[in-house]
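A.B. asks: Sharing a model prediction with you, sequence too.
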Amino acid sequence: MAARGRRRYPGDEETRMHTSRLLRWPGTANLRTGRALATSLLAATALVAVSGAVRAEDGTDSRGAGAALAARSPGMLEPRLPGYVNPALPVDVSPSLRGPDLLLEPVATAGEPLHGMASELDETSYDIPGQIVVDARDDLDDASLADLVRDFSLRVSPTALTSQTRIQIATVDGPVSATLERLARDPRVEAAEPLAWVRASFVANDPLMKDQWHMARVGAERAWDFASGRGVTVAVVDTGIACEDHGPFTKGTDLASTECVEGWNFVTKTNHANDDQGHGTHVAGTIAQSTNNGLGAVGLAFHARLMPVKVLNESGWGTTADVADGIRWAAEHGAQVINLSLGGPRNSKVLQSAIDDAVARGAVVVAAAGNTGGRVQFPGASDGVIGVSATDANDKIARFSSRGQGVDVAAPGVNVTQQTICNRGRDKCQNFYAYSGTSMAAPHVAGAAALLVSLGVTDPRAVEDALRAGARVVDDSDGGKLLYGAGILDAASSVVRVTQSHIVVRLLALLVLATWVARRARKKDATATSPWRASFLLPALAAGPGLFFFAPWLLPRVELAVDVLARPIADLDLLIGASVHRWLPLANALVPLGLTALFFGVKRLRPAIAGFAVGTAAYLTSVVLLGEAAGPFGKMALIVWCAVNAAACLWIARTNLSTR
């Protein structure tokens, strides 16, 4: 997302800190400190034996780390770095109970700086000792891949998509750097790099607001007059989502009317991506919490479908390899928007390759910038990603938010209230919590992206351009752009701008093409029917800008009937799915050609067929002029398709206007 001359299409760690306790509504039993601490230590012990996991960021309130553990869900790891001593724990705690040092991050009170560490972590600080990711050439057969493994004496385990990507995780005896150098020189290898941790990036907060200031700040209510995300699938690559009743897990009560499509669990290798941590469900709520149901909170794109892709374990940890697989899986299974509220300092080529693949498939990839207060982490800083920093209720950059090159847009990320799970998602334990972090900012942008995709803006670059154009500028200085990117997200401004541009371009195209067809028809046949009549104009409007294109200014488009009437006929397939619309099944010459074949003998229907053909040509012309659509075979193929079909539609229109 090429902002200010920096990136990119086909920086660097984050710390999540509690600014206070989780917000629990009345009726939820308080967790006891001892049980929470014991469960946390057991989880840390278990995590020592697990390689390739990802980690959620935690912090503490002013009472210290032990008190924060009491307020959190049981089993959550306390973050530390080597050399950090947790004041809530005995100094002689056994290393076997603390867990591997590289998993842990520092803790700080809400108003204190972090002590005993630099504000930036070296990108190697999250590398998993003794483990690497090997990305072999895609054309390497199984025998050659086995030869490669044998030549380097690697002990490998496949990733979930090894058969497709040829990416494997390898355990290395001896210096990792030497093995990586040898692999880099091998022509059978595309990339080899350390396996690294990534993590979730939210901060739980004290009981705060009863209303969602953040939704008002991004203009949610005004945006809903124009779009609500119908037909768009948003993948939440995270800790899972409370999307189904399965085993001990239940669907969130405030996700009851939200459609969830089948996802995948890269932790348990099943299609049940249930949330056992809470982060993913909270993130998903910002995107598509059930709305106008008389319960709880709202979501920005509440008619969008959610796709749960679990790559982080119950402690919020996962690996770059699993995240890369999750991105690929989501894009391959039809996600038009992918939200990544996670990250780490490792600039992974494997992760970048997955992002490139997703963008090439037409997916918009949104990622949190990170919570270090320093440089933007990855994948937030990766090419092809919309990196999101966090702001507070005063439109100031959040103290914890990462900043710098890689920030494309800012969004609310402090005291963001949504429903999520408690007690690891079991026993129907659900509540509304106020979290803070760039993890909470990113889904606002993902939700806004879903609104734009539902309007037919299906090219990832065009989606970012629309988000940047609509963003509210709060600091236009060079320094301000490093904090806010293009500005603070304004979903309403973005969708209104897009809607207006669609109407203007399609109406102008319709006027020009109708005039041209009328002249050509009269030149061929002096008695040709005039297009300036209702029988021609009404079908032309229905096929071009939409018969009731002005409806969103009168009635909210959240109503299905209004949404249908406001759309051009060629956009109706978006209601089924944005993936279908990429093929433009309703925007081609076949429909008017078929109508001509069926009804050409009925002269009174010819003006209507001609109008429909000209309207279709106007729509196809707008696709080229606006440059917002992504076709299945690339931009140039889409332009050729539109040009050929528009020309055919104009010929059909001229033929139907003739009285001969």
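C.D. replies: Thanks, I have it. Residues are numbered from 1 along each chain as shown.
A.B. asks: alpha carbons only for contacts and neighbour counts from here, please
C.D. replies: Will do.
A.B. asks: and N292, how many residues sit next to it?
C.D. replies: A total of 12 residues lie near N292 under the criterion other C-alpha atoms under 10 Å.
A.B. asks: repeat for R533
C.D. replies: 12.
A.B. asks: The chain should start at 38 in everything you say after this.
C.D. replies: I'll keep to 38 as the first residue from here, and by that count the last item is R570.
A.B. asks: Correct me if wrong: D362 contacts I392.
C.D. replies: No. Using C-alpha atoms under 8 Å as the test, D362 is too far from I392 to be in contact (10.0 Å).
A.B. asks: so who does the closest residue to F585 other than its chain neighbours touch?
C.D. replies: In space, and not counting its chain neighbours, F585 is closest to A603: 4.8 Å by C-alpha to C-alpha, 6 or more residues apart in numbering. Counting by C-alpha atoms under 8 Å, 6 or more residues apart in numbering, A603 touches G583, L584, F585, F586, F587, A588, P589, R594.
A.B. asks: What's the separation between the last one and C280?
C.D. replies: Put plainly, it is R594. Using C-alpha to C-alpha, to the nearest Å, R594 is found at 26 Å from C280.
A.B. asks: the more surrounded of those two?
C.D. replies: Using other C-alpha under 10 Å, the more surrounded residue of R594 and C280 is C280, with 28 against 21.
A.B. asks: Surely that one is within a strand?
C.D. replies: No. According to DSSP: H, G, I helix; E, B strand; the rest coil, the state of C280 is coil, so it is not within a strand.
A.B. asks: Name the SS class of W234, please.
C.D. replies: With three-state DSSP as the basis, W234 sits in strand.
A.B. asks: And the pLDDT at it?
C.D. replies: Predicted confidence (pLDDT) for W234: 79.
A.B. asks: repeat for A615
C.D. replies: Listed pLDDT for A615 reads 88.
A.B. asks: any idea how far I458 is from F286?
C.D. replies: Per C-alpha to C-alpha, I458 is found 10 Å from F286.
A.B. asks: which one of these two has more residues nearby?
C.D. replies: Shown here are I458 and F286; by other C-alpha under 10 Å, I458 has more neighbours (29 against 21).
A.B. asks: mind listing what that one touches?
C.D. replies: Going by C-alpha under 8 Å, 6+ apart, I458 touches A279, G289, D312, D313, Q314, G315, T318, K465, C466, Q467, N468.
A.B. asks: For it, grab phi and psi.
C.D. replies: I458 adopts backbone torsions of phi -90, psi 160, taken as degrees, to the nearest 10.
A.B. asks: Quick check: closest non-adjacent residue to it.
C.D. replies: Spatial nearest neighbour of I458, excluding adjacent residues (C-alpha to C-alpha, 6+ apart): Q467 at 4.3 Å.
A.B. asks: For the one you found, the count of nearby residues, please.
C.D. replies: By other C-alpha under 10 Å, 24 other residues sit near Q467.
A.B. asks: How confident was the prediction at it?
C.D. replies: 86.
A.B. asks: From P345, how far out is it?
C.D. replies: Distance, Q467 to P345, using C-alpha to C-alpha: 18 Å.
A.B. asks: just L488 next, same as before
C.D. replies: In this view, L488 and P345 are 19 Å apart by C-alpha to C-alpha.
A.B. asks: same check, this time on G410
C.D. replies: 29 Å.
A.B. asks: With L632 instead?
C.D. replies: According to C-alpha to C-alpha, L632 stands 42 Å off from P345.
A.B. asks: Of those two, which one has the most company?
C.D. replies: P345 (32 against 18).
A.B. asks: Got phi/psi on the residue nearest to I458?
C.D. replies: For Q467, the backbone dihedrals are phi -140, psi 150 (criterion: degrees, to the nearest 10).
A.B. asks: is it true that it touches G289?
C.D. replies: Yes. Taking contacts as C-alpha under 8 Å, Q467 lies within contact range of G289: 7.0 Å.
A.B. asks: Common neighbours of these two, please.
C.D. replies: Counting by C-alpha under 8 Å, 6+ apart, the residues touching both Q467 and G289 are Q456, T457, I458.
A.B. asks: Secondary structure class of the second one, three-state.
C.D. replies: Reduced to three states with three-state DSSP, the structure at T457 is strand.
A.B. asks: Please report how far it lies from D312.
C.D. replies: In this view, T457 and D312 are 9 Å apart by C-alpha to C-alpha.
A.B. asks: Next, S426: secondary structure please.
C.D. replies: Secondary structure, three-state DSSP: S426 is strand.
A.B. asks: brain fart, A338
C.D. replies: Applying three-state DSSP to A338 yields a three-state assignment of coil.
A.B. asks: how deep is L662 tucked in, by neighbour count?
C.D. replies: L662 has 14 neighbours, counted by other C-alpha under 10 Å.
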